[in-house]
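**Q** When you get a sec, could you give me coordinates for this:
(one chain, ligands or ions: 1)
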Amino acid sequence: MSTNIFNQAVEILARNDQGHYTVPTHGLYPFQWNWDSALSSLGQYYVDESRAWTEIETLFAHQWDDGMVPHIIFHKDDDGYYPGPEVWQTNRPVPTTGITQPPVAGFAVRRLLERAKDTEMARRRAAALLPKIAAWHDWFYKARDPENTGLVAILHPWESGRDNSVDWDAAFERVPTEGVGEFQRRDLNHTNPAHRPTQEQYKRYIWLVQLFRGLNWDYTKLHDASPFQVVDPGFNAILLRSSQDLAAMAESLGETELAAKERTRSDKGLRALNDLWSEKRQQYLCYDRVIGDVIDSPSIGGLLPVFAHIDKEHSTAIARHIDELGKRVKYLVPSHHPDDENYDGARYWRGPAWLIVNYMISDGLKREGHHDTAARIISDSVKLIETGGFAEYFDPMTGEPCGGLHFTWTAAMVIEFLKLTGEVA
Ligand code: GLC
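**A** Alright, predicted model coming up:
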């Protein structure tokens with residue numbers, strides 16, 4: 001059974017492989033996505049070690065001069081997706097979007113380096129990526145933390161990777177819809193509308209793109225101009241984990257100055273993250289920078305920080321929280337708390353379980369010694385695939401496969417899980 005699933009996962013990676021990058025799935029997402037590539041490289045490693053490095057190198061080949069690594073790279077034309085390059089107008093040699101995505105590349109590169117069979121190749125390729133990842137991290141602090149708080153803000157829900165999370169609802173109300181003009185969504189040609197964001201949300205997504213485009217994508221202007229500035233604990237935890245991993249790599253490659261800088265940053269960020277802990281919810285919360293207040297929304301974004309080296313007390317509380325969720329749902333981990341009135345088990349990031357998030361959470365839980373909770377998450381993830389196939393996300397109550405099918409990062413995570421549990425040698 002496991003070998004069969006493993007082989008199917010390998011086939012999906014091959015099916016979505018474009019040679020030097022991978023599409024998340026054909027049709028719905030026909031370009032290269034930032035954190036999809038970083039996480040997918042971990043599965044690719046087991047098929048072709050060199051190819052895994054190429055995935056991340058292609059992503060960084062499109063890094064902007066200011067250090068930003070874009071959320072989508074439009075390698076070739078495809079009118080099956082909206083908004084395409086003509087909407088973003090970022091004026092790049094190969095068109096890209098002008099916003100970013102969760103910076104998980106530092107973590108992925110360290111994992112590739114530590115697992116490497118071809119150590120000489122891995123050290124060489126990691127050394128070349130190191131300054132580029134560092135420049136991206138630098139960009140975050142100059143562009144998204146102007147007041148030097150230690151935490152960075154996202155300016156568009158798409159940056160979080162959790163596009164339509166309930167977390168953004170209240171802040172999103174401030175984003176107008178007037179004057180956006182007519183546009184034609186393409187996502188609904190590929191998927192069930194009940195699994196996708198609403199039309200109202202799409203108008204706001206596009207309004208923000210138009211605002212930033214009007215500022216010529218100048219990072220020194222975007223932060224303060226945006227009516228949407230949210231500190232997402234999950235996003236920050238991914239950045240902090242990548243900083244820690246970058247520091248460890250830098251040390252092993254003899255780059256002591258870089259190592260020290262990344263460590264200082266991650267220590268400061270971890271301290272600042274503590275202020276977002278909610279005793280009531282037993283998880284971290286988002287913070288709305290525009291109104292200066294936390295967002296009391298029980299989503300996966302507040303559990304994901306266990307991926308970074310948070311303190312024992314909070315990681316233990318998160319493990320307990322997930323154990324409780326495990327009694328409520330059949331398959332961990334729901335992206336939104338099922339008891340909350342806004343929970344919707346099939347709608348994208350408002351309830352469904354996602355394997356990439358399961359992977360990052362289980363990784364952190366294991367590091368902190370919460371092996372039973374991690375094992376439950378991993379076994380639920382594999383069960384979801386066995387019954388529902390390699391879907392984009394799944395209803396955590398029924399296991400119904402939702403969104404797009406034949407998903408690259410879902411396949412990559414399955415490969416990871418089967419290798420980590422030893423189910424496939
Ligand atoms: C959706 C997801 C995002 C992902 C992208 C491509 O927009 O919300 O996290 O990167 O699809 O798979």
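
**Q** Contact distance from the ligand - what residues of the stretch 101-250 of the chain qualify?
**A** For the stretch 101-250 of the chain, the contact set with the ligand under Cβ under 6 Å from any ligand atom comprises Gly161, Asp163. Yep, even glycine has a C-beta here, placed from its N, CA and C like the rest.

**Q** Can you name the residue of the stretch 101-250 of the chain nearest to the ligand?
**A** Ranked by Cβ to the nearest ligand atom, the top residue of the stretch 101-250 of the chain for proximity to the ligand is Gly161, at 3.5 Å.

**Q** now that residue: how far from Arg328?
**A** Distance from Gly161 to Arg328, counting by Cβ to Cβ, to the nearest Å: 24 Å.

**Q** give me the number of residues near the residue of the stretch 101-250 of the chain closest to the ligand?
**A** Neighbours of Gly161 under the rule other Cβ atoms under 10 Å: 26.

**Q** Name the nearest residue to it, sequence neighbours excluded.
**A** Of all residues not flanking Gly161 in the chain, Pro102 sits nearest, at 4.8 Å (Cβ to Cβ, 6 or more residues apart in numbering).

**Q** neighbours of that neighbour, just the number please.
**A** 27.

**Q** Can you check the pLDDT for it?
**A** The model reports Pro102 with a pLDDT of 98.

**Q** How about Leu59?
**A** pLDDT recorded at Leu59 is 98.

**Q** quick one: low-confidence parts of this structure?
**A** The chain contains no residues with pLDDT under 70.

**Q** again, only using 90
**A** The chain contains residues with pLDDT under 90 at 1-2, 425.

**Q** Taking the chain centroid, which residue in it is the extreme one?
**A** Gly179 (30.4 Å; Cα atoms, centre = their mean).

**Q** ok, and the closest residue to that one other than its chain neighbours, which helix or strand is that part of?
**A** The shortest distance from Gly179 to any non-neighbouring residue, by Cβ to Cβ, 6+ apart, is to Trp207 (7.7 Å). For Trp207, the host element (DSSP states H and E) is helix 199-214.

**Q** Tell me the buried residues in that helix?
**A** Gln201, Tyr202, Lys203, Arg204, Tyr205, Ile206, Trp207, Leu208, Val209, Leu211, Phe212 (16 or more other Cβ atoms under 10 Å).

**Q** And stretch 190-201, by the same measure?
**A** His190, Thr191, His195, Arg196, Pro197, Gln201.

**Q** do stretch 113-124 as well
**A** Neighbour-count burial for stretch 113-124, counted by 16+ other Cβ under 10 Å, picks out Leu113, Ala116, Ala122.

**Q** Provide a list of residues in contact with the second one.
**A** When contacts are counted by Cβ atoms under 8 Å, 6 or more residues apart in numbering, Ala116 touches Glu49, Ala122, Arg123.
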